[in-house]
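Participant: following is a predicted model, sequence given first.
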Amino acid sequence: MANSSDQRSLGTQPVRWHGDSLELLDQRLLPTEEHWITAEGASAVAQCITDMVVRGAPAIGISAAYGVALAARHAGGSENWQVEVRQSIEQLAKSRPTAVNLFWALQRMEKVFLACSELDEAVERLAAEAVLIHKEDIAANLAMADHALDVMSPQQAIGVLTHCNTGALATGGYGTALGVIRRLHERNLLKKVYADETRPWLQGSRLTAWELSRDEIPVTLNADGAAAAILASGKVNWVVVGADRITANGDVANKIGTYSLAVLARHHNVGFMVVAPSSTVDMTLLEGAQIPIEEREGTEIREIRGIPLAPAGVEVFNPVFDVTPANLIDAIVTEKGAVLKPDLAGMKALFA
Ligand SMILES: CSC[C@H]1O[C@H](OP(=O)(O)O)[C@H](O)[C@@H]1O
């Protein structure tokens with residue numbers, strides 16, 4: 001995907017589309033190794049999503065869209081090509097449960113699929129739709145950065161703390177919360193950015209610190225447990241995070257540890273901003289308690305790259321997302337605009 005016409009650095013995009021295959025940067029190996037996996041079919045893309053080769057709500061949706069396009073591309077000669085594509089959509093839908101972008105992208109691809117009567121038409125139109133979803137995500141990220149700075153209206157350089165990875169690696173490019181950080185840096189309005197390491201998967205230390213360092217944006221990595229002291233220090237004006245699913249009342253599911261950051265931010269009178277494209281908004285769910293929260297293997301906490309960090313077999317509770325109630329959020333920023341002090345009425349005004 002070429003850089004956007006505005007010549008801004010989009011950062012390292014996590015997927016490369018080749019028409020008959022999709023290359024995915026294996027984010028499990030960063031920061032020590034840049035290894036690209038080539039997926040030639042939907043099942044390979046689904047496995048890459050489940051295994052977190054590619055992760056991040058928008059990037060998951062974009063990858064799944066390309067996976068559907070690959071299903072049609074490689075169904076050639078089959079009399080049951082419609083069955084094969086439908087089975088691929090169903091398989092991709094089972095890859096991870098929380099990020100609604102996955103289901104949003106699959107529904108959009110299915111709509112195109114159902115409008116195609118011939119395989120050749122489906123191959124062409126599904127590929128075009130996946131590329132469009134990718135391009136729209138980049139445009140959304142660039143727009144969200146503008147809306148976020150309007151909300152912040154910084155009169156001087158500010159301090160920001162972020163959680164997990166919401167950069168180019170988690171999206172089609174540029175990033176959501178990290179896109180705001182990129183924009184602040186571009187405008188010389190970024191005094192300091194603290195990045196939570198974000199245990200257990202370490203998206204912050206392995207991905208955010210890598211992305212920002214690569215793009216020469218100064219970043220300070222901190223243990224998750226240091227966030228409270230950092231917010232107490234007065235060095236941070238805003239906590240800026242992404243989202244995996246936002247419900248109609250403004251509750252937000254995001255990486256585990258986000259909820260505690262929101263409590264800390266409110267306690268220390270620090271702004272708390274969620275930045276996510278409208279493909280992350282799920283108006284079919286009224287509140288956060290309805291969001292399916294993914295739990296992953298205990299080994300992700302007991303070990304790091306096979307090195308034991310805990311007694312073998314110790315019981316683990318490993319939810320990889322939590323829900324931040326709307327009343328702890330100062331702003332939800334999307335490409336359509338910002339919802340300040342989000343509630344059902346404010347969300348309906350933008351997304352009804
Ligand atoms: C740009 S949204 C990224 C969002 O996804 C992350 O989760 P995961 O790395 O498990 O896919 C995290 O919740 C981020 O905020």
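Facilitator: Sure thing, it's come through. Residues are numbered from 1 along each chain as shown.

Participant: can we go C-alpha only for contacts and neighbour counts from here?
Facilitator: Noted.

Participant: and the closest residue to the ligand within the stretch 1-150 of the chain, what pLDDT?
Facilitator: Here the stretch 1-150 of the chain gets closest to the ligand at one residue, Gly56, 3.5 Å apart by CA to the nearest ligand atom. For Gly56, the model assigns a pLDDT of 98.

Participant: next one: the one 3 residues further on
Facilitator: Confidence per residue is given as pLDDT, and for Ala59 that number is 98.

Participant: help me confirm that it comes into contact with Gly175.
Facilitator: No - applying CA atoms under 8 Å as the test, Ala59 and Gly175 come out as separate, 9.9 Å apart.

Participant: ok, the two, which is more surrounded?
Facilitator: Gly175 (34 against 28; other CA atoms under 10 Å).

Participant: which parts of the chain sit against the ligand?
Facilitator: 55-58, 164-166, 170-171, 176, 242-244, 254-255 (CA under 6 Å from any ligand atom).

Participant: which members of those residues occur in strands, if any?
Facilitator: 254-255 (DSSP state E).

Participant: what residues are up against the residue of the stretch 1-150 of the chain closest to the ligand?
Facilitator: 165-166, 169-171, 244 (CA atoms under 8 Å, 6 or more residues apart in numbering).

Participant: from those, which single one is nearest Ile158?
Facilitator: Checking those against Ile158 with CA to CA, the nearest one is Thr166 at 19.0 Å.

Participant: is the residue of the stretch 251-352 of the chain found nearest the ligand bridged to anything, and to what?
Facilitator: In the stretch 251-352 of the chain, the residue that lies nearest the ligand is Lys255 (3.6 Å; CA to the nearest ligand atom). For Lys255, the beta-bridge partners are Phe321 (DSSP bridges).

Participant: give me the number of residues near it?
Facilitator: Neighbours of Lys255 under the rule other CA under 10 Å: 24.

Participant: that one contacts Glu295, doesn't it?
Facilitator: No - using CA under 8 Å, Lys255 makes no contact with Glu295, being 11.5 Å away.

Participant: joint contacts of these two?
Facilitator: Common neighbours of Lys255 and Glu295 (CA under 8 Å, 6+ apart) are Val320.

Participant: lowest average confidence, helix or strand, in this protein?
Facilitator: Here the helix or strand of the chain ranked lowest by mean pLDDT, DSSP states H and E is strand 303-304, holding a mean of 94.

Participant: for that strand, packing partners?
Facilitator: Contacting strand 303-304 under the criterion 3 or more CA pairs under 8 Å, 6 or more residues apart in numbering; DSSP states H and E is no other helix or strand.
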